[in-house]
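Student: sequence plus the predicted model coming up.
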Amino acid sequence: MKKITVREIARRTGVAPVTVYRALSGESCVSVDKRRKIIRCAYKNGYNLPGNYCRNIAILVPHFRFFGYLAHMLFELEKELHRRDYRVQIIPQRDIQALGDHMFDGIISLVWQESEVLSLPQEYPIPIVSVNAAFSDSENIALVASSPHGMTLALNYLHEHGCRKIFFVGAKVDKNPIEAEKLAEFRTYCQSHGRNFETLHRSVAVTEIESVVPSVINAGADAVFCASETYAFLLGKQLLRRGIRIPEDISLMGMEEEELNSAFDPPITAIGQNFEKLAVEAVQMLEDEIERKLPGRNIRIPYTLIERSSVRTLS
């Protein structure tokens, strides 16, 4: 594609070249309608300001409910981007078209579902990095994610502490490759230990946690692992209400949400994502692509084990 110029954008949008430059530079003197028309024309034709002048990064999120994983991830990304003198704009998935309202140097996507995210490289020819949402390499979206072997770390820990019938509670997110990786790891564990995979797992939304309790009881589970930052805390409360003791009757383990896990009685053992490392690697990868360097396309960050009191000890 022949590189488009400011004058050509002006001709196609019916405005003066100085108006084009002001719109692309983010100056407020250009009307919203004109700015949108100019910026969409620039994106469509692969135009970028010289020297990455705008210093704007868009963070695409699934929604504006910022707790648990999203809250921690956004905090670290904001810190790292501001440290490198970028401005940050957070855009919910439903408003994805707002990406065309401003010029961005790059996009960091925290959206788990494929949907519109896969079309971003075609609509916005700027660097895109996905965090914890693995997509096909053919989509030209780089990935920074926690290692899929966190599940194995947790399951082996529970097994070493005498748990033989582990129940897995996963997040209910359609077409989420990261959740699929966790489920595949659990299936492998069940197969290697002669357990019935189908009766030992449930994938639910956060509002459905209470419905998991009968499945856990009916399966005769002696441990539960919850693959979401808030699930272990919520499920633990439901178990205690039914008179099920933790860890005497059932061990409980989940993802790390320090405020919740530390406040629970007993404090919940967890595996933790390295949010700071995820953010640093994601921003570095994005910056490398902005500067036309050749970054790694798939970086995985190991989990860490945080031992507390919710897993029984062997006598």
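Tutor: The structure has been received and is ready for your questions. Numbers count the residues shown, from 1 in each chain.
Student: got the buried residues for the lowest-mean-pLDDT helix or strand in the chain?
Tutor: Across the helices and strands of the chain, mean confidence by mean pLDDT, DSSP states H and E is lowest for helix 120-123: a mean of 74. Buried positions in helix 120-123, judged by neighbour count with 16 or more other C-beta atoms under 10 Å: Leu120. (Glycine included, C-beta is placed from N, CA and C.)
Student: helices or strands up against the next helix or strand after it?
Tutor: Using DSSP states H and E, the helix or strand that follows helix 120-123 in sequence is strand 128-131. The contact analysis (3 or more C-beta pairs under 8 Å, 6 or more residues apart in numbering; DSSP states H and E) places strand 128-131 against strand 106-109, strand 142-146, helix 275-290.
Student: recalculate using a threshold of 10 Å.
Tutor: On a contact count with 3 or more C-beta pairs under 10 Å, 6 or more residues apart in numbering; DSSP states H and E, strand 128-131 meets strand 56-61, strand 106-109, helix 120-123, strand 142-146, helix 177-192, helix 275-290.
Student: can you redo those as TSV with distance to Glu257?
Tutor: Formatted as TSV, these follow (distance: least, C-beta to C-beta, whole Å):
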stretch	distance to Glu257
strand 56-61	18
strand 106-109	22
helix 120-123	29
strand 142-146	14
helix 177-192	17
helix 275-290	11
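Student: out of those, which is closest to Asn156?
Tutor: For the helices and strands packed on strand 128-131, the distance to Asn156 is smallest for helix 177-192, at 8.5 Å, taking C-beta to C-beta.
Student: now the next helix or strand after the closest one, how far from the centre of its chain.
Tutor: Scanning forward in sequence from helix 177-192 by DSSP H and E, the next helix or strand is strand 201-204. Between the centre of strand 201-204 and the centre of its chain there are 19 Å (C-alpha atoms, centre = their mean, to the nearest Å).
Student: chain center to the first helix or strand past strand 201-204 going along the chain: distance?
Tutor: Where DSSP H and E defines the elements, the next helix or strand beyond strand 201-204 is helix 212-218. The chain centre lies 28 Å from the centre of helix 212-218; the measure is C-alpha atoms, centre = their mean.
Student: packing partners for the following helix or strand past helix 212-218?
Tutor: Sequence-wise, the next helix or strand downstream of helix 212-218 (DSSP H and E) is strand 223-226. With contacts taken as 3+ C-beta pairs under 10 Å, 6+ apart, strand 223-226 sits against helix 150-160, strand 166-171, helix 177-192, helix 212-218, helix 231-241, strand 251-255, strand 269-272.
Student: coming back round to it: export the least confident helix or strand of the chain to PDB, keeping only CA atoms.
Tutor: This file holds the C-alpha atoms of helix 120-123, laid out as PDB (Å, rounded to 0.1, in the frame of the first residue of the first chain):
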ATOM      1  CA  LEU A 120      -8.400  -5.200  15.300                       C
ATOM      2  CA  PRO A 121      -5.300  -5.700  13.100                       C
ATOM      3  CA  GLN A 122      -7.400  -5.100  10.000                       C
ATOM      4  CA  GLU A 123      -9.200  -2.100  11.300                       C
END
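Student: which residues touch it?
Tutor: Under the criterion C-beta atoms under 10 Å, 6 or more residues apart in numbering, residues 40, 43-44, 58, 60, 96-97, 99-100, 107, 109, 111, 116, 126-128, 130, 135, 139-141 lie in contact with helix 120-123.
Student: with stretch 188-202 instead?
Tutor: Residues lying outside stretch 188-202 but in contact with it, judged by C-beta under 10 Å, 6+ apart, are 151-152, 154-156, 158-159, 164-170, 172, 182-183, 186-187, 208-209, 211-212, 215-216, 218-221, 224-225, 227.
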